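Undergrad: structural data only, the sequence is not supplied:
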């Protein structure tokens, strides 16, 4: 049996987004660059990954409005990340989505509350 390796951070930011119908490619194009901007210019963000809903056969309201999500691994407290993000946006280092692409979104911060070790 191969060894399993787990990468676990103590806190992360989860962003879920609903995108206007027919604007998915515009969102993907923008968001690929946006993730790099966040990791590069926002203090406390270690890594990020973009996700798309894995069960598109469900009716949209069966799983909420969010078809896209991004998970950002954090090394600092949410307040520090929010402040750094605001500063990066103010300096023009982090972009906003093109007008009319994102119809709804939610940003949540989570901290570790338990652990399971594989070793």
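TA: All right, it came through fine. Since the structure is predicted, the reported quantities are computational estimates derived from the model, not experimental observations. Residues are numbered from 1 along each chain as shown.

Undergrad: what is the residue nearest the centre of the chain paired to in the beta sheet?
TA: By CA atoms, centre = their mean, the chain has its centre lying nearest to residue 70, at 2.3 Å. Beta-bridge pairing of residue 70 under DSSP bridges involves residue 15, residue 50.

Undergrad: residue contacts, it?
TA: By CB atoms under 8 Å, 6 or more residues apart in numbering, the contact list for residue 70 reads 14, 15, 17, 31, 35, 48, 49, 50, 51. Yep, even glycine has a C-beta here, placed from its N, CA and C like the rest.

Undergrad: now with 7 Å?
TA: Applying CB atoms under 7 Å, 6 or more residues apart in numbering to residue 70 gives the contacts 15, 35, 48, 49, 50, 51.

Undergrad: any chance you could map the strands in the protein?
TA: For the chain, the strands defined by DSSP state E occupy 11-19, 45-52, 68-74, 102-111.

Undergrad: now do the shortest one, average pLDDT.
TA: Going back to what we said before, that points to strand 68-74. Strand 68-74 shows a mean pLDDT of 93.

Undergrad: nearest to residue 107 among the contacts of residue 70?
TA: In terms of CB to CB, no member of the contacts of residue 70 lies closer to residue 107 than residue 15, at 4.9 Å.

Undergrad: now the longest helix seen in the chain: how far from the chain's centre is it?
TA: In the chain, assigned by DSSP state H, the helix with the most residues is helix 24-41. With CA atoms, centre = their mean, to the nearest Å as the basis, helix 24-41 stands 10 Å off its chain's centre.

Undergrad: also stretch 18-35?
TA: 13 Å.

Undergrad: other residues contacting that stretch?
TA: 48, 50, 65-68, 70, 95, 97-98, 100-105.
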